[in-house]
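# could you work out the structure for the sequence below:
(one chain, ligands or ions: 2)
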Amino acid sequence: MSETIRPGLENVIASETDISYLDVENEEIVLRGYDLIELAHHVTYLDIVGLLLDGALPTSEQRHLLEQKLKSEYTFPQQVLSILQLLSEQSNMMDVLRTGISAIASFDSELDDRSREANSRKAIRLLSKVPQIVANGYRAMMEQPFIEPREELSYTANFLYMITGKVPDKLEEAIFDQSLIVYSEHEMPNSTFAARVIASTQSDIYGALTGAVASLKGTLHGGANEAVMLMLLEAGSEANLESLMLKKLAQKERIMGFGHRVYMKKADPRAILMKEALWKLTKAKNQPELYQMCVVGEEVMKREKNLYPNLDYYAAPVYHLLGIPIELFTPVFLAARTIGISAHVIEQHDNNRLFRPRVHYTGPRNLHPPGLNESQESKGRSL
Ligand SMILES: CC(=O)SCCNC(=O)CCNC(=O)[C@H](O)C(C)(C)COP(=O)(O)OP(=O)(O)OC[C@H]1O[C@@H](n2cnc3c(N)ncnc32)[C@H](O)[C@@H]1OP(=O)(O)O
Ligand SMILES: O=C([O-])CC(=O)C(=O)O
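Residues are numbered from 1 along each chain as shown. Ligands and ions are numbered 1, 2, ... in the order given. Below you'll find the predicted structure:
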């Protein structure tokens, strides 16, 4: 057995996949052969859903059918809403989401059918229901009345509407849609790996996604977008942000929204796209200070640590300007990533090999229970 250890499985190839690939050298996120950033400029989130689920970009007729299918699954079990209401009002919204996804599993009659067709149908159901858990889970915590999806709105506009209670304008909808695209899929991050590990036991797609939620909650992963916004609000101005960052760095703290296991010394292409989106939004909403503040933060980190922003750094202020509560930034990330994770679970089930790595053991050996002489052979417990 090879004894090479890669802590954090850094650079270890864990799977074969035809879903996506981070081509760091050429600064491209490859999504089923396309450049994700190019897609984000030219297609919608629903096209990405079709691409990830069926392997090809949908025609406009197929896109329409896909949207109809999603909307036909909007019905939501009242029992799950009641479960969400029973949770503590102090709950972290990712925990609420985790509970909600776990609970809706029991209402899916195809839960234990691992066929590609059934898995695809379950992915559609999840895409219809996860945004509702995000929006109504928050309402349950805030003791606000639940909100119903509106079928006359696009899938994306409805998601934002259910969160904010306000129908977004065209720019807000387009920028939110772009954010869902860039969050939709990213090769083998911790959450996707967690989902694939779970799916590799032949467990179901809901369980795999539930595990992925727990993974994404952490601040070294999806939780960073919320931490970024809290930092920006704490600073409140360009000058304060610089001094806050310098103080954190002097205390050897990590600055959320910077660095990345795969890109690390290169720009995250998605952050560049969200930076452009932030510029457009701050201009439309006449709030240039927020954009300027983020640019200063980026410059400080480049100068001090030679680190680049990741997607979470620029998605955070974008979500803030779209009126999304900070506690929902990471749940929205998960909702967008539901399609990517579903594609990975389907691929895992289609071509499965159980994940079961080994360890390099560093603990003691040859210990014996008290009272047993080292030279005596263990004869087992006499009962
Ligand atoms: C969409 C996403 O999920 S993207 C990730 C979102 N997460 C964050 O933004 C959290 C902040 N960033 C980080 O903690 C890291 O960059 C990670 C976890 C994303 C990647 O980390 P790793 O690949 O494990 O890199 P590692 O921890 O080895 O860092 C390498 C060096 O860069 C430093 N570093 C990395 N990121 C940061 C940061 N955000 N702030 C300060 N220093 C950092 C580390 O301290 C380390 O320095 P050292 O060699 O002097 O000890
Ligand atoms: O790729 C990663 O490790 C984290 C990330 O950026 C993502 O999941 O979008």
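
# for this structure, what lies in contact range of ligand 2?
Contact residues, the chain versus ligand 2 (C-beta under 6 Å from any ligand atom): 186, 189, 221, 260-262, 310-311. C-beta here means a position set from N, CA and C on the backbone, and glycine is covered the same way.

# let me know the closest of those to residue 371.
residue 221 (47.3 Å; C-beta to C-beta).

# which residues sit against stretch 69-85?
If you take C-beta atoms under 8 Å, 6 or more residues apart in numbering as the criterion, stretch 69-85 is touched by 46, 49, 96, 99-100, 103-104, 107, 124-125, 127-129, 132-133, 136-137, 140, 146, 149, 151, 155.

# so which of those sit within helices?
46, 49, 96, 99-100, 103-104, 124-125, 127-129, 132-133, 136-137, 140, 155 (DSSP state H).

# near ligand 1, from the contacts of stretch 69-85?
Taking C-beta under 6 Å from any ligand atom as the test, ligand 1 is in contact with none of the contacts of stretch 69-85.

# which positions in the stretch 1-150 of the chain make contact with ligand 1?
Residues of the stretch 1-150 of the chain lying near ligand 1 (C-beta under 6 Å from any ligand atom): residue 8.

# now stretch 350-369 - C-alpha only, CSV.
This file holds the C-alpha atoms of stretch 350-369, laid out as CSV (Å, rounded to 0.1, in the frame of the first residue of the first chain):
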residue,chain,number,x,y,z
ASP,A,350,-24.2,5.8,-12.8
ASN,A,351,-20.6,4.7,-12.4
ASN,A,352,-20.0,3.9,-8.8
ARG,A,353,-17.0,2.9,-6.7
LEU,A,354,-17.3,3.1,-2.9
PHE,A,355,-15.0,5.8,-1.5
ARG,A,356,-13.0,4.1,1.3
PRO,A,357,-9.5,5.5,1.7
ARG,A,358,-6.9,4.2,4.2
VAL,A,359,-4.9,6.0,6.9
HIS,A,360,-1.3,6.5,8.1
TYR,A,361,-1.7,5.3,11.7
THR,A,362,0.3,7.4,14.2
GLY,A,363,-1.3,6.0,17.5
PRO,A,364,0.2,3.5,19.9
ARG,A,365,0.4,-0.3,19.4
ASN,A,366,0.6,-3.3,21.6
LEU,A,367,-1.4,-1.9,24.6
HIS,A,368,-3.4,-4.3,26.7
PRO,A,369,-6.4,-3.8,29.0
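
# what mean pLDDT does that stretch get?
Averaging pLDDT along stretch 350-369 gives 96.

# and if you look at stretch 26-44?
97.

# and that stretch, how far apart are its ends?
24 Å (C-alpha to C-alpha, to the nearest Å).

# please spell out the PyMOL selection for the buried subset of the contacts of stretch 69-85.
Listed next is the PyMOL selection for buried residues among the contacts of stretch 69-85, using 16 or more other C-beta atoms under 10 Å:
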select buried, resi 46+49+96+99+100+103+104+124+125+127+128+129+132+133+136+137+140+146+149+155
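
# show me the contacts for residue 116.
Taking C-beta under 8 Å, 6+ apart, one finds 346, 349-350 in contact with residue 116.

# can I see the domain layout of this structure?
For the chain, automatic domain parsing gives the domain ranges 17-219+326-350, 224-321.

# next one, pLDDT for whichever residue of the stretch 251-383 of the chain sits closest to ligand 2 please.
Ligand 2 sits closest to residue 261 of the stretch 251-383 of the chain, with a gap of 5.1 Å, by C-beta to the nearest ligand atom. You'll see residue 261 listed with a pLDDT of 95.

# so residue 338 is in which element?
Residue 338 is located in helix 329-350, with elements delineated by DSSP states H and E.

# hmm, I was thinking of residue 82
helix 78-86.

# centre of the chain to that helix, how far?
Here the centre of helix 78-86 is set off from its chain's centre by 23 Å, with C-alpha atoms, centre = their mean, to the nearest Å.

# give me the mean pLDDT for it.
The average pLDDT for helix 78-86 rounds to 98.

# tell me which residues of that helix come out buried.
Applying 16+ other C-beta under 10 Å to helix 78-86 flags 80-81, 83-84 as buried.
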